[in-house]
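**Student:** return a 3D structure for these sequence lines:
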Amino acid sequence: MTIQTLVLYIAIIALVLTFVIGWIKKGHKSWLMTFLQSFTGVLFLISGWVKAVDPMGTAFKLEQYFAEFEATFQGTWFSFIAPLFPFFEHYGLLLSIVTIVFEMVLGIMLLMGDRPKLTAWLFFLLVLFFTFLTGFTFLTGYVPMDANFFNFSAWGPYSATNMRVTDCGCFGDFITLEPKTSFFKDIVLMFPALYFLFRHKDMHQLSSQRTRNWIVLGATVLLTLYCVNNYKWNLPHADFRPFKAGADIAAIKAAEEEAAANVQIRAWRIRDKSTGKVKELSNQEFMSGYSENKDSWEVIEQLKTAPEIPASKISDFEYLDETGHPVSEDLLADPEPSFMIVCYELKGTTGQEQVMVPDTTYRLDTLFSEDSNTMEVVRVPDRIGEHPETIEIYTWDKDYLKKWEKLVPFIQAAEQDGVPVAAVVGGASSYKLQEFAGAVGLGIPFYEADDILLKTIIRSNPGIVLWQDGTILDKWHIRKLPDYETVKAGHFTAR
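**Tutor:** Alright, predicted model coming up:
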């Protein structure tokens with residue numbers, strides 16, 4: 001679905017609600033006000049719901065924003081603000097739930113006309129916040145990657161590849177919007193926001209104040225529980241991500257890679273170094289007159305044809321063994337079932353400890369061999385000692401280890417049945433993987449992958465994914481993993 005289609009559907013729903021309120025309930029003062037209340041209320045309910053099914057996704061997006069804001073404010077007059085963002089990042093999930101619930105409850109308040117003046121101000125402030133967020137991200141398209149946002153003299157022509165956050169997350173994974181599109185969306189929403197501020201007395205109101213209070217309170221509680229359920233106790237019940245159950249990852253990855261390979265360069269945007277003037281050349285013009293003359297101009301970006309199949313995170317699906325060799329293709333080509341334990345972050349703390357390591361030096365010596373009646377050069381110990389060395393010490397979170405302990409019976413049953421099990425961990429060195437493997441005591445291979453990729457695959461840490469022939473057959477939250485026999489009966493026959 002596109003944003004245009006969604007807006008059309010919302011407008012139709014808003015028209016129906018406007019008709020019902022205006023003609024049946026007779027509870028409105030202005031047709032325009034009633035329509036705008038209905039439209040924005042439904043919009044906030046939908047945009048909130050697609051995030052509420054996956055609050056961890058919104059939390060991950062907030063973490064991206066916070067990291068970008070921290071990097072932006074460091075080294076500027078506003079550097080005192082920078083330390084706030086790591087703090088916010090630590091509470092990203094809590095902020096995600098608060099934001100989602102607030103957005104949906106505000107949508108309900110708009111539909112009911114609850115506390116018109118307060119609702120108008122809350123809507124205005126929220127739209128203003130979203131406009132700042134998406135506007136800032138969109139404007140980074142004018143900022144070269146090696147420049148700070150506040151270094152305005154370094155700004156250049158707009159390039160989408162400069163944007164630090166490429167997806168605003170306004171509609172979760174349901175619809176992917178570029179910050180540029182989302183920024184203009186928020187600009188449009190400022191018009192009803194200002195209209196509500198100045199004409200809030202014209203808002204329609206449904207039912208009594210007491211009833212509206214109970215609805216708002218009940219919705220807040222239920223929506224909060226709904227958000228918590230979709231990450232703490234269960235996987236999101238609606239999966240809009242590419243790695244959904246039933247997806248043929250091998251086929252999709254191959255198709256996306258072929259589409260990317262078929263992309264053609266249609267034009268080049270270049271800038272004159274002396275005048276700063278930017279012009280666009282066709283690929284033929286560039287190759288014939290500019291490709292080898294780089295003294296007076298520089299390339300801003302290549303303009304390419306759109307791939308027939310847009311790239312998704314599936315194109316990045318890859319994990320490595322301890323030697324750094326990619327082994328993911330083996331999984332995608334395997335016709336037999338296998339289990340993947342996905343862990344995008346190992347929970348624990350890291351410290352350092354100094355230990356004494358044996359340190360032996362050698363010297364060359366000559367020895368006479370009676371057997372061969374010859375002299376041989378051999379290496380013999382010269383000095384045996386020790387030297388201090390600093391190593392990392394990991395203290396694993398006890399509750400996190402208990403989650404892995406729950407997997408032991410399942411893994412043992414699977415391996416006895418001839419079904420392989422492997423763990424894929426994000427953001428960990430080979431040494432850290434070895435230490436954790438020893439701590440959990442599981443004799444399964446541990447591989448390394450990008451943590452963002454693993455967060456996209458499953459919203460559980462750890463989570464379990466069942467693969468066969470490059471297809472995801474099913475996924476389970478660690479709290480909802482059935483016993484092996486149940487999984488076997490539902491998905492495959494023992495080998």
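**Student:** and stretch 97-111, how far from the chain's centre?
**Tutor:** 23 Å (CA atoms, centre = their mean, to the nearest Å).
**Student:** likewise for stretch 114-129?
**Tutor:** When distances are taken as CA atoms, centre = their mean, stretch 114-129 is centred 29 Å away from the chain's centroid.
**Student:** how about the strands in the stretch 201-350 of the chain?
**Tutor:** Ranges of strands within the stretch 201-350 of the chain are 265-272, 278-282, 297-304, 319-320, 338-343, 348-369, based on DSSP state E, counting those that start in this stretch.
**Student:** how far off centre is the third one?
**Tutor:** By that I understand strand 297-304. 28 Å.
**Student:** tell me what angle it forms with strand 265-272.
**Tutor:** Angle between the axes of strand 297-304 and strand 265-272 is 160 degrees (criterion: axes from the mean of the first three to the mean of the last three CA atoms, to 10 degrees).
**Student:** one more: the second one?
**Tutor:** Relative orientation of strand 278-282 versus strand 265-272 (the same axes, to 10 degrees): 150 degrees.
**Student:** list the buried residues for strand 278-282?
**Tutor:** Residues of strand 278-282 classed as buried by neighbour count (16 or more other CB atoms under 10 Å): Leu281. For every residue, glycine as well, the C-beta is placed using N, CA and C.
**Student:** tell me what that strand is packed against?
**Tutor:** strand 265-272 (3 or more CB pairs under 8 Å, 6 or more residues apart in numbering; DSSP states H and E).
**Student:** who's in contact with the strand it packs on?
**Tutor:** 156-157, 159, 277-283, 286, 290, 296-305 (CB atoms under 8 Å, 6 or more residues apart in numbering).
**Student:** I'd like the strands of the stretch 201-350 of the chain laid out as CSV, including distance to His477 and mean pLDDT.
**Tutor:** Putting the strands of the stretch 201-350 of the chain into CSV (distance: least, CB to CB, whole Å; pLDDT from 0 to 100) gives the following:
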stretch, distance to His477, mean pLDDT
strand 265-272, 44, 81
strand 278-282, 50, 79
strand 297-304, 39, 79
strand 319-320, 21, 92
strand 338-343, 11, 95
strand 348-369, 21, 70
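**Student:** which of those sits closest to Thr140?
**Tutor:** Checking the strands of the stretch 201-350 of the chain against Thr140 by CB to CB gives strand 297-304 as the closest, at 14.5 Å.
**Student:** who does that closest one pair up with?
**Tutor:** Strand 297-304 has the following strand partners under DSSP bridges: strand 265-272 (antiparallel).
**Student:** tell me which stretches of the stretch 351-495 of the chain form helices.
**Tutor:** Applying DSSP state H, counting those that start in this stretch to the stretch 351-495 of the chain gives helices spanning 398-405, 408-416, 430-440, 451-457, 484-491.
**Student:** which per-residue confidence value corresponds to Lys29?
**Tutor:** pLDDT, Lys29: 79.
**Student:** okay, which residue is most central for the protein?
**Tutor:** Phe60 (5.1 Å; CA atoms, centre = their mean).
**Student:** check which helix or strand covers it.
**Tutor:** For Phe60, the host element (DSSP states H and E) is helix 55-73.
**Student:** same check on Phe196?
**Tutor:** Assigned by DSSP H and E, Phe196 belongs to helix 179-199.
**Student:** burial count for the closest residue to Thr349 other than its chain neighbours?
**Tutor:** Among residues not flanking Thr349 along the chain, Thr395 sits closest, at 4.9 Å (CB to CB, 6 or more residues apart in numbering). With neighbours defined by other CB atoms under 10 Å, the count for Thr395 comes to 10.
**Student:** tell me the contacts of Thr395?
**Tutor:** Going by CB under 8 Å, 6+ apart, Thr395 touches 348-351.
**Student:** and which of those residues is nearest Lys253?
**Tutor:** Of those, the one sitting nearest to Lys253 (CB to CB) turns out to be Gly348, at 32.5 Å.
**Student:** doesn't Ile393 make contact with the closest one?
**Tutor:** No: at 10.2 Å, Gly348 does not count as touching Ile393 under the criterion of CB atoms under 8 Å.
**Student:** which one of these two has more residues nearby?
**Tutor:** Between Gly348 and Ile393, counting by other CB under 10 Å, Gly348 is the more crowded of the two (17 against 12).
**Student:** OK, contacts around the nearest residue to that one once chain neighbours are set aside?
**Tutor:** In space, and not counting its chain neighbours, Gly348 is closest to Trp396: 4.0 Å by CB to CB, 6+ apart. By CB under 8 Å, 6+ apart, the residues touching Trp396 are 346-348, 436, 439.
**Student:** can you name the two of the residues you listed that sit furthest apart?
**Tutor:** Lys347 and Ala439 (11.4 Å).
**Student:** Ser296 and Met112: what is the separation?
**Tutor:** Separation of Ser296 from Met112 (CB to CB, to the nearest Å): 64 Å.
**Student:** how far away is Ser288 from Thr76?
**Tutor:** The gap separating Ser288 from Thr76 is 44 Å, by CB to CB.
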